[in-house]
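Novice: Below are the sequence and a predicted model; questions follow.
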Amino acid sequence: MSQSVISLIERGRLEDVSIARIRKVGAVLNISVSLDAWWRSGNVDRLIDRAHAALVEHTVGILRSAGWTTRVEVTFNDYGDRGSADIVAWHPTNRILLIVEVKTRIGDVQATASSFERKVRVLPTLLRKEEGWEPASVSRLLVISDTHANRDVIRTHARLFDSIWPARTAAVKRWISAPAARHEGAAEGSAGRRGFGGIWFIGLDRTPDPAAQIRQVARVRLPRRSTRPRDPESDQR
């Protein structure tokens, strides 16, 4: 890459450098570069929060109707391992603990995976103490907005996602309705306690909060300006 491009990046003149070049420089320096859009003093963030809440509410409703006991925003702090789970669910009949991550979008793929694995490692012990849940298996679910961007990310990093969440939406729905410790989408883990894992794509237009339909407001198209000369007589008419 030319010295002039490096100089532009160092001086913060990013408007004169393509995103692809910035990411290439970041890759050499082991830096993850992401792009965030801001709109009307941060309203996009509030919109994303509402979308996240709508996905959580939608997921909890379906789990409860299928006989699961649920908790939301379960925080933990275990010897420096800190975080929170969007949803944890317990199936008393089959003694299945389900840890659910809810995403409107995926930013850092590796961070998403490592953060989730930390929750899987810490939460079973915490919930055994707090709730008395002694799981026969620990299952994993990623609930995500059904957008082209999110599907592209998962396709691009298929091996990583499949190692944690191998099943997809149809299998997830079947399993939630009739869960079992071993099922399609299950994988062997330590002591055989690793159970089902899957990704559930949910369109925001199917969630309870119409205001959370990001896809309906994300694309804004201005009317095309006509290249034909104006007709003064038509204007008068």
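Specialist: Cool, the structure landed.

Novice: Can you show me the helices along this structure?
Specialist: With DSSP state H as the criterion, the chain has helices at 3-10, 19-28, 43-65, 109-131, 148-156, 158-164, 169-177, 214-218, 232-236.

Novice: Next, the buried residues of the fourth one.
Specialist: Counting neighbours by 16 or more other Cβ atoms under 10 Å, one finds that the buried residues in helix 109-131 are 112-113, 116, 119-120, 122-124, 126-127. Placement of C-beta: from N, CA and C, glycine included.

Novice: can you give me how far that helix is from the chain middle?
Specialist: Counting by Cα atoms, centre = their mean, to the nearest Å, helix 109-131 is centred 16 Å from the centre of its parent chain.

Novice: now the first one
Specialist: Chain-centre distance of helix 3-10: 34 Å, with Cα atoms, centre = their mean.

Novice: which secondary element of the protein has the worst mean pLDDT?
Specialist: One helix or strand of the chain scores below all others by mean pLDDT, DSSP states H and E: helix 214-218, with a mean of 43.

Novice: what sits up against stretch 108-127?
Specialist: With contacts defined as Cβ atoms under 8 Å, 6 or more residues apart in numbering, stretch 108-127 is touched by 32, 34, 74, 76, 78, 81, 83, 85, 88, 90, 97, 99, 101, 103, 106, 133, 135, 138, 140, 142, 153, 157, 160-161, 164.

Novice: How far does stretch 180-194 stretch from one end to the other?
Specialist: Using Cα to Cα, to the nearest Å, one end of stretch 180-194 lies 12 Å from the other.

Novice: now do stretch 158-172
Specialist: 17 Å.

Novice: List of residues touching that stretch?
Specialist: 109-110, 113, 116-117, 140-142, 154, 175, 184-185, 187, 196-201.

Novice: distance of M1 from E131?
Specialist: 54 Å (Cβ to Cβ, to the nearest Å).

Novice: Could you do T147 as well?
Specialist: For T147, the distance to E131 equals 34 Å [Cβ to Cβ].

Novice: give me the number of residues near R105?
Specialist: By other Cβ atoms under 10 Å, 14 other residues sit near R105.

Novice: how about it, what does it touch?
Specialist: By Cβ under 8 Å, 6+ apart, the neighbours of R105 are 48, 145, 147, 149-150.

Novice: cutoff 7 Å now
Specialist: 145, 149-150 (Cβ atoms under 7 Å, 6 or more residues apart in numbering).

Novice: Got a quick PyMOL command for the buried subset of the contacts of stretch 108-127?
Specialist: Burial among the contacts of stretch 108-127 is assessed by 16+ other Cβ under 10 Å; the matching PyMOL selection reads:
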select buried, resi 74+76+85+88+90+97+99+101+103+106+133+135+138+140+142+153+161+164
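
Novice: which ones among the contacts of stretch 108-127 are found in strands?
Specialist: Counting by DSSP state E, these place 74, 76, 78, 81, 83, 85, 88, 90, 97, 99, 101, 103, 138, 140, 142 in strands.

Novice: Any idea what the residue nearest the centre of the chain is bridged to?
Specialist: When the chain is reduced to its mean C-alpha position, the closest residue under Cα atoms, centre = their mean turns out to be K103, at 2.3 Å. On the basis of DSSP bridges, K103 is bridged to I144.

Novice: Many thanks, I have nothing further to ask.
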